[in-house]
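>>> what would the 3D arrangement of this be:
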Amino acid sequence: MRDAIVIIPTYNEIENIEAILRAVFTLEKNFDVLVVDDNSPDGTATQVKALQKEYNTRLHILNRPKKTGLGTAYIEGFKWCLSKDYTYIIEMDADFSHNPSDLTRLYNACVSECADMSIGSRYINNRVNVVNWDMKRLLMSYFASKYVKLITRMKIDDTTAGFVCYHRRVLETIDLEKIKFVGYAFQIEMKFNAHLKKFKIVEVPIVFTDRKKGKSKMSGGIISEAIFGVINMKFKSLFRT
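Below is the predicted model:
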């Protein structure tokens, strides 16, 4: 078994899934992949199962009965990976907004710097590395990360990033059953828990490119969860023992 696995959550990613999987499997560093599919009506899971014949023990799939949020998909994926012997567990989108070649950089950041968690950062050192977003979305994302950093006091520039490599000890220490957020705020909550437990977190600069195929899953409810839930999360942390 390889020491690292990539979790890719999917919902209607038939236009991207084969290409992203082949891109991961052609990297010099060998990664396994776990696709967590939310019963995509477009046949995403069927395509993954067809590719399993080619990639044998390297490609795995979890089929969920319905779409219940990014956070729950990742938590189910984390639990599956922890039940195996993987040391490094990585989150990545299916739509090429995260460059597969950066997987090796995130992995190496944990290994060479003895980090517990590495983050593919779009906004590190006040630089913005985002391609093909309109100005409204870019400003909303950038200032959301700044807002979260201010409220939580985390020393992380891209607090909302979804391209993350965890050492398994982080996921074994965090009580995954108590993670409340289900949308993109899930990414904030996971980082905040790792921060509270004083794990070593490093950021790796990446270029984030908006999807070219398929439809974005971003919604107003997801944004509200991220903005208004952070204060409540920080407040509750003050009373932890």
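>>> show me where the chain has strands.
4-10, 32-37, 59-63, 88-91, 117-121, 130-131, 164-167, 201-205, 208-209 (DSSP state E).
>>> any chance of those in JSON lines, with distance to Leu139, mean neighbour count and mean pLDDT too?
Using the backbone N, CA and C atoms, a C-beta is placed for each residue, glycine as well. Converted to JSON lines, the strands of the chain look like this (distance: least, C-beta to C-beta, whole Å; neighbours: other C-beta atoms under 10 Å; pLDDT from 0 to 100):
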{"stretch": "strand 4-10", "distance to Leu139": "26", "mean neighbour count": "25", "mean pLDDT": "98"}
{"stretch": "strand 32-37", "distance to Leu139": "31", "mean neighbour count": "23", "mean pLDDT": "98"}
{"stretch": "strand 59-63", "distance to Leu139": "35", "mean neighbour count": "17", "mean pLDDT": "98"}
{"stretch": "strand 88-91", "distance to Leu139": "24", "mean neighbour count": "24", "mean pLDDT": "98"}
{"stretch": "strand 117-121", "distance to Leu139": "17", "mean neighbour count": "25", "mean pLDDT": "97"}
{"stretch": "strand 130-131", "distance to Leu139": "11", "mean neighbour count": "14", "mean pLDDT": "90"}
{"stretch": "strand 164-167", "distance to Leu139": "23", "mean neighbour count": "25", "mean pLDDT": "98"}
{"stretch": "strand 201-205", "distance to Leu139": "20", "mean neighbour count": "19", "mean pLDDT": "97"}
{"stretch": "strand 208-209", "distance to Leu139": "15", "mean neighbour count": "20", "mean pLDDT": "94"}
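>>> make CSV out of those strands and add distance to Arg105.
Below are the strands of the chain laid out as CSV (distance: least, C-beta to C-beta, whole Å):
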stretch, distance to Arg105
strand 4-10, 12
strand 32-37, 17
strand 59-63, 22
strand 88-91, 11
strand 117-121, 8
strand 130-131, 17
strand 164-167, 9
strand 201-205, 5
strand 208-209, 14
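>>> and Arg153, how far from Tyr166?
21 Å (C-beta to C-beta, to the nearest Å).
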